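Novice: Build me a structure from this.
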Amino acid sequence: MAAELLKIHPVNPEQRKIRHVVDTLLNGGLIVYPTDTIYGIGCNLMNKKAIERLCHVLDIKPQKLDLSFICRDLSQISEYARRIDTPIFKMLKKALPGPFTFILESSSKVPKILDVNKKTVGIRMPNHAVPRMIVEGLGNPLISASIRNEDAIREYTTDPVEMYDDLRHVVDIVIDSGAGGNMPSTVVDCTSESTQILRHGLGDPDLLY
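Specialist: Residues are numbered from 1 along each chain as shown. Below is the predicted model of the structure:
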């Protein structure tokens, strides 16, 4: 059965539509959703079968899982990351919500959930109402990857209708909240003594200092 193309307002998301998305995730569904950078594809972090589906769609092995957790707030981040000392906490508080992915040491919770001995975790907290309301309703993070384009020139797909055409047979819902961006998040590694930018993206590096 083909996926549903669901229009959701990007600033004032309709509660009943968010609830529908959450119910789909709780039942093991995959969704395509907007962020403050590019569109993502994700599922419920607490549903192992959904994660297996996501890995299959992305053509990655579960043992090589290297996806981001979409979190609702700093307290939720602290559940999945450990050793968030005062300087890192201040940086997260300053930069989030925003277009950053922070690589942090994973808490003991992460390997138990994923059945993979992951020592680090990528954390996102997008400055976009739709994913944050979804995660709030879900009660735990989404596990997610970016929607990439096979085109050698255009790295990221920005049109949700085009994403629907490409993915309607492998996901359950494609959310249309308008055109997405074409620049990914800034990736910041916080696992060593000094933070390091691994990828320059939309996030302003000045917010890290």
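
Novice: hey, which helix or strand in this protein has the poorest pLDDT?
Specialist: helix 109-114 (a mean of 90; mean pLDDT, DSSP states H and E).

Novice: In terms of secondary structure, what does the helix or strand that comes right after that helix contact?
Specialist: Later in the chain than helix 109-114, the nearest helix or strand by DSSP states H and E is strand 120-125. Helices and strands touching strand 120-125, by 3 or more CB pairs under 8 Å, 6 or more residues apart in numbering; DSSP states H and E, are strand 68-70, helix 74-80, strand 98-105. Glycine gets a C-beta too; all of them are placed from N, C-alpha and C.

Novice: Would you mind pulling the contact partners of strand 120-125?
Specialist: 35, 66-74, 77, 80-81, 96-98, 100-106, 110, 132, 144, 185, 187, 191 (CB atoms under 8 Å, 6 or more residues apart in numbering).

Novice: do you know which of the helices and strands packed on strand 120-125 lies nearest V21?
Specialist: For V21, the closest of the helices and strands packed on strand 120-125 is strand 68-70, at 12.8 Å, according to CB to CB.

Novice: Give the pairing partners of that closest one; include direction for each.
Specialist: Partner strands for strand 68-70, per DSSP bridges, with pairing direction: strand 120-125 (parallel), strand 142-146 (antiparallel).

Novice: From the rest of the structure, what touches it?
Specialist: So strand 68-70 is contacted by 35, 40, 42, 45, 80, 101, 121-126, 131, 135, 141-145 (CB under 8 Å, 6+ apart).

Novice: Repeat the analysis, applying 7 Å as the threshold.
Specialist: Applying CB atoms under 7 Å, 6 or more residues apart in numbering, the set of residues contacting strand 68-70 from outside is 42, 45, 80, 101, 121-124, 126, 131, 135, 141-144.
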